[in-house]
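Participant: Prediction below, plus the sequence it came from.
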Amino acid sequence: MASERRLKTAALLCALGVAVLGYGAGMVHDSPRLVVLCGLAALPLLATLWRCLTRLAMLRHPKPPEPKAVLSIEQQHLVDNAQALEARLEHAPIALFRIEGMEDARVTPLNRNARKLVAPGRASDPASLSRELGAQPADRRGMVQYDTERGVERALVAASNLSLQGGSERLAALMPVESELEAAALDAWRQLVHVLTHEIMNSLTPVASLSRTARDMLEECRASLPPDVGQDLITAVDAIGRRADSLAAFVASYRSLSNVPAAQPERILVQALFERVRALAAPGWRARGGELQFSVEPATLELVADPGQLEQALINLLKNAFEATSNIERAVGRVSARLVKGGRLRIEVSDDGPGVPPELVRHIFTPFFTTKKQGSGIGLAMVRQLVHGNGGTVRYARQVAQGARFVISF
């Protein structure tokens, strides 16, 4: 009622204003300019009067509500089933894609995981991934790999033909398995290294012990031997002992891969962690004219991990960067930490060295693999072991410019 009363008052005032302006125009009819001005002033009043009259008519004669459609029990059941199926499809733990056509196939994501995969921040080249999915034959499983912000990842893909609404298309299901494969590979390598080091040490220990015993016996009876024969025997036994000791030390370094203690996680401030790493690694870079840069966004960023193990992983990565940039004047190493999409914490370690050749990327985390003449092949393998033990992943990511870039994600 109050709104109707306000509309009536506004309409009455507008009508009165129009009447006044009309009367004024009649009084000054000898001046065309004033008549035109009165007409222009009446236009907004007439528009307002029209709106008020229209709204009053709607209030007095409201439009009857449209009758609500009533579904039968069978129809309601079909609607409920369709909604439930759509929810299951949307939250399926795999990425589903629809593939239309063969040549220049059009690939469309069908659920949340598929949309996340091709969204910015995941697959670096969604078009390349779409082409690879479009080339997948039906009724056959295979592995695909694609570049992401965290490095190269692998996934299991299966496609099947589907006839729908008179047309044919393919449905592709993509299940990322990089983390599972990495965990399985780590466990297999751990078991292999444990067995090998155990067996080798069991053989080397008596060899080293016998060589020392043999040398002591030779020293005791050296006077009864020809001088040249005694010296040759001692030299040979010494060589056996030295090689046995050297091999034992070499194998002991690999034994550390299978004996990494369980992580003791605690809440740590990333900025404080970086300061400790800087104190250990930066002096070496400065001594040869280089620089080590650290950055954390935001400065209050925290992480739950074993501080000692994470420090060791970062030091190993920086040691590799230091060696890779040994021939570069004023080389720069960078360590950064920030939050990325999905609430993940990402730590990057990069340098401006020559980087890793593409054909070797898949091997760099494999134990015993090294491209250095004096390398042992356990540095990056240990990094992966330490990061994985703290619930994270480490990948080699392609650098936009020159250099190497390792990404640790939690």
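Facilitator: Happy to help now that I have it. Numbering: from 1, shown residues only.
Participant: Please make it C-alpha for all contacts and neighbour counts, starting now.
Facilitator: Noted.
Participant: how about the strands in the chain?
Facilitator: Counting by DSSP state E, the chain has these strands, from start to end: 95-100, 106-109, 140-148, 151-164, 167-176, 266-269, 291-297, 302-305, 332-340, 344-351, 393-397, 405-409.
Participant: and of those strands, who's closest to residue 221?
Facilitator: Distance to residue 221, taken as Cα to Cα, is lowest for strand 393-397 among the strands of the chain, at 58.8 Å.
Participant: what distance separates that closest one from the middle of the whole chain?
Facilitator: Distance, stretch centre to chain centre, for strand 393-397: 9 Å (Cα atoms, centre = their mean, to the nearest Å).
Participant: same thing with stretch 200-219?
Facilitator: For stretch 200-219, the distance to the chain centre is 52 Å (Cα atoms, centre = their mean).
Participant: In that stretch, which residues are buried?
Facilitator: Neighbour counts using 16 or more other Cα atoms under 10 Å place 201, 204, 207-208, 211-212, 214-215, 218 of stretch 200-219 among the buried residues.
Participant: How about residues contacting that stretch?
Facilitator: Residues outside stretch 200-219 that contact it (Cα atoms under 8 Å, 6 or more residues apart in numbering) are 230, 233-234, 237-238, 240-242, 244-245, 247-248, 251.
Participant: out of those residues, which are buried?
Facilitator: Among the contacts of stretch 200-219, those that count as buried by neighbour count (16+ other Cα under 10 Å) are 230, 234, 237-238, 240-241, 244-245, 247-248, 251.
Participant: Residue 311 and residue 279: what is the separation?
Facilitator: Separation of residue 311 from residue 279 (Cα to Cα, to the nearest Å) stands at 11 Å.
Participant: Please apply the same query to residue 104.
Facilitator: According to Cα to Cα, residue 104 and residue 279 sit 55 Å apart.
Participant: what ranges of the stretch 201-350 of the chain fall below the confidence cut-off?
Facilitator: For the stretch 201-350 of the chain, the stretches flagged by pLDDT under 70 are 250-259, 342.
Participant: ranges for the helices of it?
Facilitator: Here the stretch 201-350 of the chain has its helices, by DSSP state H, counting those that start in this stretch, at 227-258, 270-287, 307-324.
Participant: can you list the strands of the chain in a markdown table and add mean neighbour count?
Facilitator: Formatted as a markdown table, these follow (neighbours: other Cα atoms under 10 Å):
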| stretch | mean neighbour count |
| --- | --- |
| strand 95-100 | 22 |
| strand 106-109 | 18 |
| strand 140-148 | 15 |
| strand 151-164 | 16 |
| strand 167-176 | 18 |
| strand 266-269 | 13 |
| strand 291-297 | 16 |
| strand 302-305 | 16 |
| strand 332-340 | 19 |
| strand 344-351 | 20 |
| strand 393-397 | 22 |
| strand 405-409 | 22 |
